[in-house]
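Colleague: missing the sequence, but the structure's below:
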């Protein structure tokens, strides 16, 4: 399955392919599906396409308590959206498990290195397996000695678990607006399962997997659809406000620099009350290392 070839398709063809994938998924599960809606630009486009096909399709938004106010306000303008919530707050997550920094993979490796009882796993997480994989990157090894907890469990607790509960309660399967180029993991998943994973443990449709950011903005512009004004305030990503994943890759001003200007109350809260100010003394620290 050639991802790069599909990413080069013109937008009209991508739209047609996305509609076909949604229809296939919808028909396979006899309409027992829903659109996972975050309020961001990608899921806004997905919802627009899905409701052109199925105006009454279920739409679900997870209110983690970490969304930008502009995102929540935008979601409120969309008709017939089911709001779900996690059982605990972000503050409770970081106290119990740790902070989400660097990436999901690296935070998991750091967490496991610190807490595993397996010497074998501990060695893999620090030195890698026989293929030199599965380890904490050399540039981030110093985080092992940080005084704060690090964990990858935030997303599971605050987002995935509420959606899984919704799916268990309703029997519905998710349609998600993620794209393969957002991470190596998503690229790998696309190459393995394609857009529609019908027979996996958790069946899911990702019908925009082969789209790019420029496709999304072109669609928004040509279709003249409304989107959250958070994107007009200097933000490129609109996930959880206090998440630090990928912060070291942000261009300046980074997400927290912008937040300080646009949302000073939330900035003060996360820096002082949530302790992110202390975390940022350790991360990001750019360290040159060829073995990343």
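Modeller: Good, I have the coordinates. What you see is a predicted model; the values in this text were computed from it and never measured.

Colleague: Now do the helices in the stretch 151-292 of the chain.
Modeller: Under the criterion DSSP state H, counting those that start in this stretch, the stretch 151-292 of the chain carries helices at the ranges 154-155, 161-170, 184-193, 213-223, 255-262, 264-268, 276-279.

Colleague: ok, and what's touching the first one?
Modeller: This points to helix 154-155. With C-beta atoms under 8 Å, 6 or more residues apart in numbering as the contact definition, helix 154-155 has outside contacts at 90, 93-94, 97, 100, 104, 240, 243. C-beta here means a position set from N, CA and C on the backbone, and glycine is covered the same way.

Colleague: possible to save these as TSV with pLDDT?
Modeller: Rendered in TSV, the data for the contacts of helix 154-155 read as follows (pLDDT from 0 to 100):
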residue	pLDDT
90	97
93	97
94	97
97	97
100	97
104	92
240	92
243	95
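
Colleague: thinking again about what came up before, pick the most deeply packed of the helices of the stretch 151-292 of the chain.
Modeller: The highest mean neighbour count among the helices of the stretch 151-292 of the chain, using mean count of other C-beta atoms under 10 Å, belongs to helix 154-155: a mean of 21.

Colleague: Which one, of the helices of the stretch 151-292 of the chain, ends up nearest to residue 235?
Modeller: helix 255-262 (6.3 Å; C-beta to C-beta).

Colleague: If you count contacts, what does that closest one end up packed against?
Modeller: Identification of packing neighbours for helix 255-262 by 3 or more C-beta pairs under 8 Å, 6 or more residues apart in numbering; DSSP states H and E yields helix 264-268.

Colleague: Quick one: list the elements packing against the helix it packs on.
Modeller: Packed against helix 264-268, as judged by 3+ C-beta pairs under 8 Å, 6+ apart, are the following elements: helix 255-262.

Colleague: pull the helix or strand with minimum mean pLDDT from this structure.
Modeller: The helix or strand of the chain with the poorest confidence is helix 184-193; it has a mean of 72 (mean pLDDT, DSSP states H and E).

Colleague: Let me see the backbone angles for the nearest residue to residue 166 once chain neighbours are set aside.
Modeller: For residue 166, the nearest residue in space outside its immediate sequence neighbours is residue 84; the separation is 5.5 Å by C-beta to C-beta, 6 or more residues apart in numbering. According to degrees, to the nearest 10, the main-chain angles of residue 84 amount to phi -120, psi 160.

Colleague: going forward, begin numbering at 22 instead of 1
Modeller: With 22 as the first residue, the last one maps to residue 105.

Colleague: Throw the helices of the stretch 172-313 of the chain into TSV and include distance to residue 256, thanks.
Modeller: Listed next are the helices of the stretch 172-313 of the chain as TSV, based on distance: least, C-beta to C-beta, whole Å:
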stretch	distance to residue 256
helix 175-176	19
helix 182-191	24
helix 205-214	21
helix 234-244	13
helix 276-283	6
helix 285-289	13
helix 297-300	17
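
Colleague: Okay then, goodbye and thanks.
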